[in-house]
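# sharing a model prediction with you, sequence too.
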Amino acid sequence: MRKFISVFLCAVIAVVSFTGCAKLSDLKYDVVLITDGGTVTDGAYNESAWQGVKDYSENSGADYKYYQPALGENQTLSTDEALKYIDLAVNAGAKFIVLPGEVFEAAAYEASHKYADVNFLLIDGTPHPENDNTDAYLANVMCISFNTLQSSFLAGYSAVISGNTKLGYFGSYNSDTSNSYGAGFAQGAAYAADSLGIPVTLDYADYDSPYLNYSYDFTITANYEKIDDLNEDCYVVNVVNGSGSGTYTKGTNVDIVADPAPQGKVFDHWECKSDTQGIKDKKVNLSTKKKTETNLLVENCSCTITAVYRDAESTTYPVIVQSGDNDSNVYSEQYIMAGESCSIKAPAAESGMVFDHWQINTQEEGAIDDINAADTWVHVSENTQGITLIPVYTESKAPTFNVTVITGEGGNGESTGSGSYAAGASVSVAAAVPKEGYIFKNWSNSDENGYGTGTVMDNEFYPYTEYTMVNRCQALVENMYNKGVSIVYAGGNDQENCVAEATKKYSYQKYAIGSENGQTGWENYYSVTVKDYGSAVKACLENFKGSYTYTGDCSNKGIYMSFVDDQYKDEYDNVYNSLASGLISLVIVPPGYDVRNAVNSNCLSINYWINDSVSQNSDAE
């Protein structure tokens, strides 16, 4: 199966035409598909929808084409941009415009009012105004949805019938559809377990639930060892007015950084002194003595390296970073002369928050390189004569995870780098100086269960280093696997690819079932519950009904499992047909309700990952 391919074409509009030779301006099309920015060969939603357009048009003799909006990497199609392409489609004479995905919801709402004579087909979404999520049912808009209960039932049934007795569900509390996926999966697993008469367990967790009985927090430890245990020579480096102090083995490269200059001073040079008898000062090997950041190659001596400052040639002005928008305490302070620059960095965010932007006390153009970057440069001029910056934080839309950096035995003082970080954040850590007789060994990390977190330091053997924050949601899935779960269903949420990523660590001993046919990493899934956009688009174009929602389900072959082992194909087909005919009825569980109320089984037990002290609303529809 092919991975979802990000748009990389530079053409603004990709056009497919089957009307023969003619001037582009003269071409007219009956049906137009506008992609969400992906290609129509993406192996996912856009390709499936395009196949439906082709099937309908070639059977009916209609002319057809597609537009592919040009988007930057990781960019999402905006409503304004979508409307531009809708205008192009209307100008090309489109009678039907097909819009795949919820990204088109607001655009469909606006365009339907502007072009009352054009029919719009909106897949997996319902039109609504830009800043109002109230669904609207419009005379010239037909919507397509899919029966998530049935598709997830097939996933649960397939998981058990193929031999798995310990299942996992990874969902989202804040997703409107995830609970439906979870309820269907549980009912399918129960149906198979009862049919076979075997005990089956299901670990059920919503990664973003406030009631989740699982902590994503983890600890990074600076580890030390006794010098007596080493076979190498060790030397003590003492940095005065700067960072880099520690005990190191011969041949180590140590980054030395001067502290910010005091008011009225500027950095002048590094002064080096050998602390080992018989070794001259000139043997202290610095890469440069004239820059605030330098490198020391540790050789056959301990040493003291001092940052020396001189009187500034002109007035120095403060660059002050406060601790936060609700905290006037000074986080950092440095003085520089007019015309010079310095780097600043925002303090780590509190739990659940991320850095958003800087408030700055000057409107002078060019005073700050990037007002939206937590780590940036500031430039002082005679006009500004001092800059105060306040970091502003906002609630993170993506999960954030609390990291605690601690000093292990043999360290003297506090190791830094604790804070709350989102996946992808670059984090700096610094180990405390070793106690006498000890040397820094390495960094290690673990979650509350003692498992490693997948965090990789740039240099785990160096006391001052960085790492990129991994997606800690993956740890929840790994915890399920570590407790014996053999297959996990990714229940329709923004973090579902964590399930596929977690399976990579287990060399085919664990499996993932995906809930969407638009996710990346297909090769890491045992199977996927597919929404067949193509068949639904074809059916709706053949029988368009405004103000109506077409539901893809088993009765119209709108959903299916991407892979079923031939050994169990007959059983799967029987269940599929029973769902299609209504012989198997499913219990609907609204968002936020306990899925256990949807299951009445003698053989399936559900381990709900919530705090025992929390009682959710248990009424099921």
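Received, thanks. Because the structure is predicted, anything quoted here is derived from the model rather than measured.
# from here on, just use CA atoms for contacts and neighbour counts.
Fine.
# return the distance of the residue nearest in space to the middle of the chain relative to residue 466.
Centroid check for the chain by Cα atoms, centre = their mean gives residue 423 as the closest residue, at 5.8 Å. Distance of residue 423 to residue 466, computed by Cα to Cα, to the nearest Å: 14 Å.
# tell me the pLDDT at residue 175?
Reported pLDDT at residue 175 in the predicted model: 86.
# number of nearby residues for it?
Using other Cα atoms under 10 Å, the number of residues around residue 175 comes to 17.
# residue 127 versus that one, what's the distance?
Residue 175 sits 18 Å away from residue 127, taking Cα to Cα as the criterion.
# next secondary structure element downstream of the top helix by length along the chain?
In the chain, assigned by DSSP state H, the helix with the most residues is helix 178-196. The helix or strand immediately downstream of helix 178-196 is strand 200-206, counting by DSSP states H and E.
# and the strand or helix carrying residue 538, how far out from the chain's middle?
Using DSSP H and E, residue 538 falls within helix 533-542. In terms of Cα atoms, centre = their mean, to the nearest Å, the centre of helix 533-542 is set 32 Å apart from its chain centre.
# now it: mean pLDDT?
If you average the pLDDT values across helix 533-542, you get 96.
# and that helix, what does it pack against?
Applying 3 or more Cα pairs under 8 Å, 6 or more residues apart in numbering; DSSP states H and E, we find helix 533-542 packed against helix 45-60, strand 119-123, strand 548-552.
# residue 527 is nearest to which of those?
Closest approach to residue 527 among those (Cα to Cα): helix 45-60, 16.6 Å.
# contacts for that closest one?
Identification of contacts with helix 45-60 by Cα atoms under 8 Å, 6 or more residues apart in numbering yields 31, 33, 35-36, 38-41, 62-64, 66, 100, 517-518, 532-538, 541-542.
# give me the buried subset of those.
Buried subset of these (neighbour count, 16 or more other Cα atoms under 10 Å): 31, 33, 35-36, 38-40, 63-64, 66, 100, 517-518, 532-538, 541.
# hey, where'd the helices end up in the stretch 201-350 of the chain?
When secondary structure is read from DSSP state H, counting those that start in this stretch, the stretch 201-350 of the chain shows no helices.
# could I get the full set of strands for it?
218-226, 234-240, 242-243, 246-249, 253-258, 265-274, 285-286, 293-297, 303-311, 316-324, 327-337, 341-345 (DSSP state E, counting those that start in this stretch).
# which one, of the ones you listed, ends up nearest to residue 354?
Residue 354 lies closest to strand 316-324 among the strands of the stretch 201-350 of the chain, at 11.7 Å (Cα to Cα).
# can you list the strands that the closest one pairs with?
strand 327-337 (antiparallel), strand 387-395 (parallel) (DSSP bridges).
# most tightly surrounded among these?
Highest mean neighbour count among the strands paired with strand 316-324 (mean count of other Cα atoms under 10 Å): strand 387-395, with a mean of 19.
# pull the residues that contact it.
With Cα under 8 Å, 6+ apart as the test, strand 387-395 has contacts from 317-325, 346-347, 349, 352-362, 374, 380.
# at 7 Å instead, please
318-322, 324-325, 346, 352-361 (Cα atoms under 7 Å, 6 or more residues apart in numbering).
# same question for stretch 111-127.
Under the criterion Cα under 7 Å, 6+ apart, residues 83, 95-102, 105-106, 108-109, 135-136, 140-145 lie in contact with stretch 111-127.
# can you give me the helices for the stretch 51-200 of the chain?
Using DSSP H, counting those that start in this stretch, helices in the stretch 51-200 of the chain cover 79-91, 105-114, 148-161, 178-196.
# in the last one, what's buried?
It stands for helix 178-196. Under the neighbour-count criterion of 16+ other Cα under 10 Å, helix 178-196 has 178-194 buried.
# ok, now the third one?
Using 16+ other Cα under 10 Å as the test for burial, helix 148-161 gives 148-161.
# among these, which one lies nearest to residue 369?
Distances from residue 369 to those, taken as Cα to Cα, are shortest for residue 148 (47.2 Å).
# surely the closest one touches residue 179?
No. Assessed by Cα atoms under 7 Å, residue 148 is found out of contact with residue 179, at 9.6 Å.
# sorry, back to before: looking at the helices and strands packed on helix 533-542, which is buried most?
The highest mean neighbour count among the helices and strands packed on helix 533-542, using mean count of other Cα under 10 Å, belongs to strand 119-123: a mean of 26.
# partner strands of that one and their direction?
With DSSP bridges as the criterion, the sheet partners recorded for strand 119-123 are strand 96-100 (parallel), strand 141-146 (parallel).
# pLDDT of the last one, averaged?
Yep, that's strand 141-146 we're talking about. Rounded mean pLDDT across strand 141-146 is 96.
# please compute how far it lies from its chain's middle.
For strand 141-146, the distance to the chain centre is 28 Å (Cα atoms, centre = their mean).
# which outside residues touch that strand?
112, 119-126, 531, 544-553.
# cool, and stretch 99-106?
Contacts of stretch 99-106 (Cα under 7 Å, 6+ apart): 33-36, 46, 49, 77, 79, 121-130.
# restricting to C-alpha, output it in PDB.
Output of stretch 99-106 as PDB, limited to C-alpha atoms (Å, rounded to 0.1, in the frame of the first residue of the first chain):
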ATOM      1  CA  LEU A  99     -14.800  18.500  -2.000                       C
ATOM      2  CA  PRO A 100     -13.000  15.700  -0.100                       C
ATOM      3  CA  GLY A 101     -12.600  16.200   3.700                       C
ATOM      4  CA  GLU A 102     -13.700  18.500   6.600                       C
ATOM      5  CA  VAL A 103     -11.100  21.100   5.500                       C
ATOM      6  CA  PHE A 104     -13.800  22.200   3.000                       C
ATOM      7  CA  GLU A 105     -16.700  22.600   5.400                       C
ATOM      8  CA  ALA A 106     -16.600  26.400   5.700                       C
END
